[in-house]
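Visitor: Would you be able to build a 3D model of this:
(one chain, ligands or ions: 2)
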Amino acid sequence: MNLPAQVQLIDVGPRDGLQNEKQPVAAEIKIGLVHRLQDAGLTEIEVTSFVSPKWVPQMGDNAEVMHGIARKSGVRYSVLTPNMKGFEAAIAAPRDEWPDEIVVFGAASEAFSQKNINCSIAESIERFAPVVAAALEKGIAVRGAMSCTVGCPYEGEIAPEKVGYLAGLMKGIGVQRVDVADTIGVGTPRKVQAAMEATLAHFGVDAISGHFHDTYGQALVNTLAALEMGVWNYQSSSAGLGGCPYAKGATGNVATEDVVYLLHGMGIATGIDLDKLIDAGVYISQALGREPNSRASKAIRTKRAG
Ligand code: HMG
Ligand code: MG
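Guide: Ligands and ions are numbered 1, 2, ... in the order given. Purely as a prediction, here's the structure:
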């Protein structure tokens with residue numbers, strides 16, 4: 001197996017993780033999580049989303065969180081922006097508080113697109129196009145998240161052709177890189193590889209990341225399956241936080257701690273200090289009143305306790 005020597009991780013916990021929390025989490029705690037993640041060596045962090053606070057109240061403090069972060073050089077901070085209103089809100093702050101990258105988010109499933117962003121796939125691309133153009137014009141990078149690339153809570157299994165179709169549309173409007181997301185964590189290795197293959201018809205391997213939720217406990221094997229294809233960018237949440245408010249029953253992203261343990265165990269560099277990462281996961285879990293949802297974290301903390 002010829003695996004990548006290095007992997008770039010994007011911690012999406014402050015956004016994908018916390019967006020699903022019913023209890024309000026203070027902006028100060030979110031900022032504290034971002035600081036701990038960057039101290040642990042994460043160089044990409046998805047901080048928040050500029051979506052409607054009526055739809056996702058937890059992200060209503062987006063500007064406050066972006067304002068409160070003490071930025072570390074070399075770290076890329078990204079935010080979700082579904083439309084021009086969200087993009088304009090993301091750049092309403094002074095230049096040094098702008099995101100380094102914005103994320104437009106579409107779905108390979110029509111039904112999910114409607115539930116999540118209240119429009120069809122075609123309409124979503126029409127809404128994203130001016131956002132992408134405006135971001136690029138301002139020197140902000142653009143990523144495209146593609147939800148439900150193997151399965152959808154409403155439509156069931158998703159054919160790779162639908163993934164290829166969406167990837168082509170994203171490419172056509174100028175999106176620079178894309179996330180192949182298993183939103184509800186139903187994927188298994190061959191299905192994930194088929195979704196990746198369909199995406200590779202439009203984006204180079206360096207411009208594709210894997211975003212796996214762990215609902216069925218398949219996220220790590222799916223990561224390995226994508227690694228085998230040369231994919232070396234992955235998204236995960238510290239402490240395995242999260243889920244998606246519009247994907248009922250879907251649990252959190254794969255825990256960053258578990259992915260880092262897997263990668264380091266295979267001799268793949270991440271630049272992340274696993275011990276510090278575990279402490280970041282404990283910090284946010286304590287704020288939420290629960291244990292980190294990470295097996296590696298649990299095992300290492302048990303060992304630490306002697
Ligand atoms: P809409 O209702 O169709 O939008 O929502 P609209 O343009 O008709 O506007 C309706 C109201 O929303 C108006 O306010 C707008 O001003 C306001 P009103 O006049 O009623 O007071 N509005 C906004 N407010 C703040 N920020 C905005 C914004 N846009 C409109 N950007 C919209 C469309 C997309 C806004 C809505 O459906 C929404 O916010 N959805 C939330 C979607 C979301 O955050 N989902 C979770 C993230 S995606 C995810 O988790 C998947 C991912 O992790 C990958 C994976 O795992 O698959 C990325
Ligand atoms: Mg997600």
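
Visitor: can we go C-alpha only for contacts and neighbour counts from here?
Guide: Noted.

Visitor: Report the separation between the closest residue to Lys22 other than its chain neighbours and Glu64.
Guide: Nearest non-adjacent residue to Lys22, counting by CA to CA, 6 or more residues apart in numbering: Gln58, 7.6 Å away. Per CA to CA, to the nearest Å, Gln58 is found 12 Å from Glu64.

Visitor: Flag every residue of the chain that's near ligand 1.
Guide: Proximity of the chain to ligand 1 (CA under 6 Å from any ligand atom) is limited to residues 16, 50-53, 55-56, 82-83, 85-86, 105, 116-118, 145, 147-148, 181-183, 244.

Visitor: redo that, cut-off 5 Å
Guide: With CA under 5 Å from any ligand atom as the criterion, the chain comes near ligand 1 at residues 51-52, 85-86, 116-118, 147, 181, 183, 244.

Visitor: Most neighbours among these, which one?
Guide: Thr183 (29 neighbours; other CA atoms under 10 Å).

Visitor: Compare Gln58 and Glu64 (neighbour count), which wins?
Guide: Neighbours per residue, other CA under 10 Å: of Gln58 and Glu64, the larger number sits with Gln58, 22 against 13.

Visitor: so who does that one touch?
Guide: 18-22, 24-25 (CA atoms under 8 Å, 6 or more residues apart in numbering).

Visitor: try 10 Å
Guide: 15, 18-27, 48-49 (CA atoms under 10 Å, 6 or more residues apart in numbering).

Visitor: Pipe those residues into CSV and attach pLDDT per row.
Guide: Formatted as CSV, the contacts of Gln58 follow (pLDDT from 0 to 100):
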residue, pLDDT
Arg15, 97
Leu18, 97
Gln19, 95
Asn20, 91
Glu21, 91
Lys22, 89
Gln23, 91
Pro24, 95
Val25, 98
Ala26, 98
Ala27, 98
Thr48, 98
Ser49, 98
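
Visitor: end to end, how far does stretch 66-84 reach?
Guide: Terminal-residue distance, stretch 66-84 (CA to CA): 18 Å.

Visitor: per-residue confidence at the nearest residue in space to Met84 that is not next to it in sequence?
Guide: Nearest non-adjacent residue to Met84, counting by CA to CA, 6+ apart: Val131, 5.5 Å away. pLDDT, Val131: 99.

Visitor: now do Gly243
Guide: Gly243 is given a pLDDT of 64.

Visitor: Check the contact lists of Gln58 and Glu64 and give me the overlap.
Guide: Here Gln58 and Glu64 have Ala27 as joint contacts, going by CA under 10 Å, 6+ apart.

Visitor: pretty sure Val103 belongs to a helix, no?
Guide: No. Using DSSP: H, G, I helix; E, B strand; the rest coil, the secondary structure at Val103 is strand, not a helix.

Visitor: Dig out what it forms beta bridges with.
Guide: Assessed by DSSP bridges, Val103 has beta-bridge partners Leu80, Arg143.

Visitor: Export the contacts of Gln58 to CSV and append columns for neighbour count.
Guide: Formatted as CSV, the contacts of Gln58 follow (neighbours: other CA atoms under 10 Å):
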residue, neighbour count
Arg15, 24
Leu18, 26
Gln19, 23
Asn20, 20
Glu21, 18
Lys22, 11
Gln23, 9
Pro24, 12
Val25, 17
Ala26, 13
Ala27, 19
Thr48, 30
Ser49, 28
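
Visitor: Return the subset of these lying in helices.
Guide: Here DSSP state H is the test, and the contacts of Gln58 give Ala27 as lying in helices.

Visitor: and Ile164, that's in a helix?
Guide: For residue 164 the amino acid is Gly, not Ile. Yes. Counting by three-state DSSP, one finds Gly164 located in a helix.

Visitor: Just the terminal-to-terminal distance for stretch 166-180.
Guide: So stretch 166-180: terminal residues 11 Å apart, CA to CA.

Visitor: per-residue confidence at Phe87?
Guide: pLDDT, read off for Phe87, is 98.

Visitor: Please, which helix or strand holds it?
Guide: Secondary structure assignment for Phe87, by DSSP states H and E: helix 84-90.

Visitor: For that helix, list every residue counted as buried.
Guide: Buried residues in helix 84-90, defined by neighbour count with 16 or more other CA atoms under 10 Å: 84, 86-87, 90.

Visitor: Just flag the most distant two among those.
Guide: Across the buried residues of helix 84-90, no pair lies farther apart than Met84 and Ala90, at 9.6 Å, counting by CA to CA.

Visitor: So which other helices or strands are in contact with the host helix or strand of Val131?
Guide: Per DSSP H and E, Val131 falls inside helix 121-137. Other helices and strands packing on helix 121-137, by 3 or more CA pairs under 10 Å, 6 or more residues apart in numbering; DSSP states H and E, are helix 84-90, strand 101-107, helix 110-117, strand 141-147, helix 160-172.
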